[in-house]
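In: give me a 3D structure for the following:
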Amino acid sequence: MKTARFISIIGHPIFHPTWMMIILLLSGITRFTPGNDFTFLTITFSMTCLIPALIIVMMKRWHVIDSFEMEKRDDRLGPLFIMILFLYATLRFFNKIQLFSIFSFYLTTVIVVTILAFIVTFFWKISLHSLGWGNLTASLFILTTASMRMYLLYFIASIVIAGIVAAARLKLKSHSNSQIYLGFAMGFAIVIIMYFLFLI
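Out: Modelled structure (predicted):
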């Protein structure tokens, strides 16, 4: 159980924008000076992970949410709204840097998926982990198929890790099979649809 909880934490989608930035920087497709690389990574981590996480901690302290696990659907609405705001602010920043168009597209898909999660939460408890992993996996799939084989290993790794995280969520009994599978499918499908609508 402890292992499943650890996997669930490190596999949380709040880390995904930071991981995507690291992948893009390591691939060299968005290469700047080392100092700028660190700056952009720091901005991404702070805006999409650190600051939202701190706000969620304060929400827990102020009893706005009952737990960090957000098992109740109502507990998810506030944190999801915070994430949408900070993701949008991050997107506005990177939209000014044309060489980061790939990352901007990724952030746009994350915002759309998060908005969808916010809406669905009013009616159903979908897996946020699976939504996030579906989103990230689809983004790496697009990069891999766009004649960029350097991303193939990242794409394969994302599939494997997504499966491990899904198994951990099921082990913790945080979600049903349908919430896991539909979450991944929706996260994946939205990215593919947006790619065909706006980039092709």
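In: can you list the buried residues in stretch 175-188?
Out: By 16 or more other Cβ atoms under 10 Å, the buried positions in stretch 175-188 come out as 175, 179-180, 182-184, 186-188. The C-beta positions use only the backbone N, C-alpha and C, and glycine is treated the same way.
In: mind listing which of those residues are in helices?
Out: 179-180, 182-184, 186-188 (DSSP state H).
In: quick one on the thing from earlier: Ile51: which of the buried residues of stretch 175-188 is nearest?
Out: For Ile51, the nearest member of the buried residues of stretch 175-188 is Gly187. The distance, counting by Cβ to Cβ, is 23.1 Å.
In: without its sequence neighbours, what residue ends up closest to the closest one?
Out: With Cβ to Cβ, 6 or more residues apart in numbering as the measure, Gly134 is the residue that lies nearest to Gly187, at 2.6 Å, once sequence neighbours are left out.
In: got the buried residues for the strand or helix carrying the one you found?
Out: Following DSSP states H and E, one finds Gly134 within helix 128-145. Applying a neighbour-count criterion of 16+ other Cβ under 10 Å, one finds 128-144 buried in helix 128-145.
In: ok, how many other residues are close to Asp74?
Out: Burial measure for Asp74: 11 neighbouring residues, criterion other Cβ atoms under 10 Å.
In: buried residues, the one helix or strand Ile156 maps to. List them.
Out: Under the criterion of DSSP H and E, Ile156 resides in helix 152-171. By neighbour count with 16+ other Cβ under 10 Å, helix 152-171 contains the buried residues 154-155, 158, 161-162, 165-166, 168-170.
In: which other helices and strands does that helix contact?
Out: helix 2-10, helix 128-145, helix 177-198 (3 or more Cβ pairs under 8 Å, 6 or more residues apart in numbering; DSSP states H and E).
In: average pLDDT across the helix or strand hosting Val110?
Out: Element membership of Val110, judged by DSSP H and E, is helix 101-121. Confidence for helix 101-121, expressed as mean pLDDT, is 93.
In: equivalent analysis for stretch 22-37, please.
Out: Averaging pLDDT along stretch 22-37 gives 71.
In: quick one: end-to-end distance for that stretch.
Out: The stretch stretch 22-37 measures 9 Å between its terminal residues, going by Cα to Cα, to the nearest Å.
In: switch to numbering from 50
Out: I'll keep to 50 as the first residue from here, and by that count the last item is stretch 71-86.
In: just name the shakiest helix or strand of this protein by mean pLDDT.
Out: In the chain, no helix or strand scores lower on mean pLDDT, DSSP states H and E than helix 83-94, which sits at a mean of 82.
In: name the helices or strands packed onto that one?
Out: Helices and strands touching helix 83-94, as assessed by 3+ Cβ pairs under 8 Å, 6+ apart, comprise helix 65-76, helix 123-144.
In: what residues of that helix count as buried?
Out: So helix 83-94, judged by 16+ other Cβ under 10 Å, has buried residues 86, 89, 93-94.
In: could you do stretch 138-153 as well?
Out: If you call a residue buried by 16+ other Cβ under 10 Å, then stretch 138-153 has these buried ones: 139-140, 142-143, 149, 151-153.
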